[in-house]
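Participant: Here's a sequence, model it:
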Amino acid sequence: MELFKKIIKILDSNLIHCLIPIITTLIIIEFFFKNRFETKKTINLIRWSIIIYTIITCLYFLLSFVFNQMEFTFIYLGNGSYKIIYWIMLIFSLILPFTLLINKVATKYWYVLLVAFAMKIGFYFEQFIIFSTSLHREYVTENESLKFVGIYFSQGVFIAILTLIIFEIVKKIATNK
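Facilitator: Coordinates of the predicted model:
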């Protein structure tokens with residue numbers, strides 16, 4: 001269980017929270033440099049990353065439900081006054097990403113962006129609440145939420161550009177042979 005938890009935490013902080021900047025960077029690059037770079041291959045890699053992450057998350061969810069039922073808080077939250085919200089978040093994070101297995105919609109940048117946003121809508125809402133409440137506190141000198149947004153944004157742009165560079169190098173090596 002701890003292994004799943006660590007894998008999910010590493011994937012979350014290094015890739016999944018950066019998906020929106022990654023995909024928007026790819027959209028911007030495709031808009032300005034029409035078919036110049038390997039953006040289709042990159043979005044395909046992002047798509048499969050989302051699917052693999054969702055499989056790992058589903059396994060963790062099921063194993064947690066079976067083995068740690070007493071510590072599994074969704075049982076209590078999914079039946080309370082906010083049960084509709086929790087079920088929507090569960091469907092968005094565990095079922096919606098599997099729609100990327102359909103090739104027709106998986107190649108659409110905006111749909112992949114929508115799935116990436118819907119997967120972590122609870123996280124983004126939480127960050128928004130932290131940010132908005134910290135604006136009203138007068139004693140806060142630095143905003144930690146903005147730091148996280150800046151880190152995720154810069155990391156996402158870096159990952160998108162690095163992935164495009166790698167695909168371009170592979171394409172050049174393949175054409176030179």
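Participant: residue ranges with poor pLDDT in this structure?
Facilitator: 1, 69-80, 137-148 (pLDDT under 70).
Participant: what about the longest helix in it?
Facilitator: With secondary structure taken from DSSP state H, the chain has its longest helix at helix 144-176.
Participant: In it, which residues are buried?
Facilitator: For helix 144-176, a neighbour-count test (16 or more other Cβ atoms under 10 Å) marks 145, 149, 152-153, 155-157, 159-161, 163-164, 167 as buried. In short, each C-beta sits where N, CA and C put it, glycine included.
Participant: Equivalent analysis for stretch 33-47, please.
Facilitator: Residues of stretch 33-47 classed as buried: Phe37, Glu38, Thr39, Lys41, Thr42, Ile43, Asn44, Ile46, Arg47 (neighbour count, 16+ other Cβ under 10 Å).
Participant: which outside residues touch that stretch?
Facilitator: With contacts defined as Cβ atoms under 8 Å, 6 or more residues apart in numbering, stretch 33-47 is touched by 19, 22-23, 26, 29-30, 100, 106-107, 109, 112, 116, 160, 163-164, 167-168, 171.
Participant: which among the buried residues of helix 144-176 gets closest to Tyr60?
Facilitator: Ranked by distance to Tyr60 (Cβ to Cβ), the buried residues of helix 144-176 are led by Tyr152 at 21.8 Å.
Participant: That closest one and Pro21 touch, don't they?
Facilitator: Yes: taking contact to mean Cβ atoms under 8 Å, the distance of 6.5 Å between Tyr152 and Pro21 places them in contact.
Participant: What helices and strands are in contact with the longest helix of the chain?
Facilitator: Taking 3 or more Cβ pairs under 8 Å, 6 or more residues apart in numbering; DSSP states H and E as contact, the helices and strands that helix 144-176 lies on are helix 19-32, helix 39-67, helix 121-135.
Participant: switch the cut-off to 10 Å
Facilitator: Contacting helix 144-176 under the criterion 3 or more Cβ pairs under 10 Å, 6 or more residues apart in numbering; DSSP states H and E are the following elements: helix 2-14, helix 19-32, helix 39-67, helix 121-135.
Participant: Next, the angle from the last one to helix 19-32.
Facilitator: I take that to be helix 121-135. Helix 121-135 and helix 19-32 are oriented at 100 degrees to each other (axes from the mean of the first three to the mean of the last three Cα atoms, to 10 degrees).
Participant: Next, the angle helix 144-176 makes with helix 121-135.
Facilitator: 140 degrees.
Participant: How about the third one?
Facilitator: Calculated by the same axes, to 10 degrees, helix 39-67 forms an angle of 130 degrees with helix 144-176.
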